[in-house]
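K.L.:
pasting the sequence and the predicted model now:
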Amino acid sequence: MKALIDHARSFRQSAAGSEEFARLAQGQSPQVLFITCSDSRIIPALITGARPGELFELRTAGNIVPPYESQQPTGEAATIEYAVEVLGVSDIVVCGHSHCGAVGAVVRGDDLASVPAVRDWLAHAASRPDGAHDDPAVAEAVQNHVLAQILRLRSYPGITRRLEEDQLRLHAWFYEVHTGSVLAHDAHADAFLAL
């Protein structure tokens, strides 16, 4: 923790006179909502090269997009709605990753009785994604899971409307933790291919 605190102190000092940070105080206008896993190995700005203010991020265990329910709003739904309706993002990326513990637990059918909140959250993953149970990277399962989350997003009213108006694009990505490669789903090939 000490190293993180030391960096935060030096960051504050270097940012104090920066024109970039002064500009950020005027507001935000990101073009992309980046939905990914809470996993500490996944750093959206590092993967994309984004600068402050360029990505609006939603991080959830297993990059799960819960079903849309207007009667029982969630923090995730509120973040998605804000990004689409208020910030007017033009692109949404759902980025899964190799070696995902959440998707792996779902695929293997792990007993999660000792972590009931995790168990109940993972129930939002939709159906068990297809993929090899013995693949430590759970690559195929994560890719299928990402596509299921893209379908979920399409059920959100604001997203449905903006897709129909051709004002929004959805992207399914897969990040390989062990190589740093990013693959994107190509609808024509129905496969995840290198960017």
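P.N.:
Perfect, I can see it now.
K.L.:
and the helices in the chain?
P.N.:
Here the chain has its helices, by DSSP state H, at 2-15, 19-24, 44-48, 75-81, 101-108, 116-122, 139-154, 157-164.
K.L.:
leaving out the residues flanking it, which one is nearest to Trp121?
P.N.:
Closest residue in space to Trp121, ignoring its immediate chain neighbours: Ala61 at 5.8 Å, by Cβ to Cβ, 6 or more residues apart in numbering. Just so you know, the C-beta spots here come from the backbone N, C-alpha and C atoms, and that holds for glycine as well.
K.L.:
residues contacting that neighbour?
P.N.:
Cys37, Ser38, Ala102, Val118, Trp121, Leu122 (Cβ atoms under 8 Å, 6 or more residues apart in numbering).
K.L.:
apply 6 Å and report the result again.
P.N.:
Ser38, Ala102, Trp121 (Cβ atoms under 6 Å, 6 or more residues apart in numbering).
K.L.:
repeat for Ile150
P.N.:
Here Ile150 is in contact with Val94, Leu170, Ala172 (criterion: Cβ under 6 Å, 6+ apart).
K.L.:
please apply the same query to Val103.
P.N.:
Gly62, Val138, Ala141, Val142, His145.
K.L.:
so who does the first one touch?
P.N.:
Under the criterion of Cβ under 6 Å, 6+ apart, the contact partners of Gly62 comprise Cys37, Ala102, Val103.
K.L.:
what pLDDT is listed against it?
P.N.:
Model confidence at Gly62, given as pLDDT, is 94.
K.L.:
what's near enough to touch Phe192?
P.N.:
Phe192 touches Gln143, Phe174, Leu183, His185, counting by Cβ under 6 Å, 6+ apart.
K.L.:
number of residues surrounding the residue nearest to Asp186 when sequence neighbours are not counted?
P.N.:
Among residues not flanking Asp186 along the chain, Leu193 sits closest, at 5.0 Å (Cβ to Cβ, 6+ apart). Residues contacting Leu193 under the criterion other Cβ atoms under 10 Å number 11.
K.L.:
would you agree Leu193 is in contact with His185?
P.N.:
No: at 8.0 Å, Leu193 does not count as touching His185 under the criterion of Cβ atoms under 6 Å.
K.L.:
rewinding a little: so for Phe56, which of the helices of the chain sits nearest?
P.N.:
helix 75-81 (7.7 Å; Cβ to Cβ).
K.L.:
and for that closest one, what's in contact with it?
P.N.:
Contacts of helix 75-81 (Cβ under 6 Å, 6+ apart): Leu58, Thr60, Pro66, Tyr156, Gly158.
K.L.:
so which of those wins on neighbours?
P.N.:
Counting neighbours by other Cβ under 10 Å, the one among those with the most is Leu58, which has 23 neighbours.
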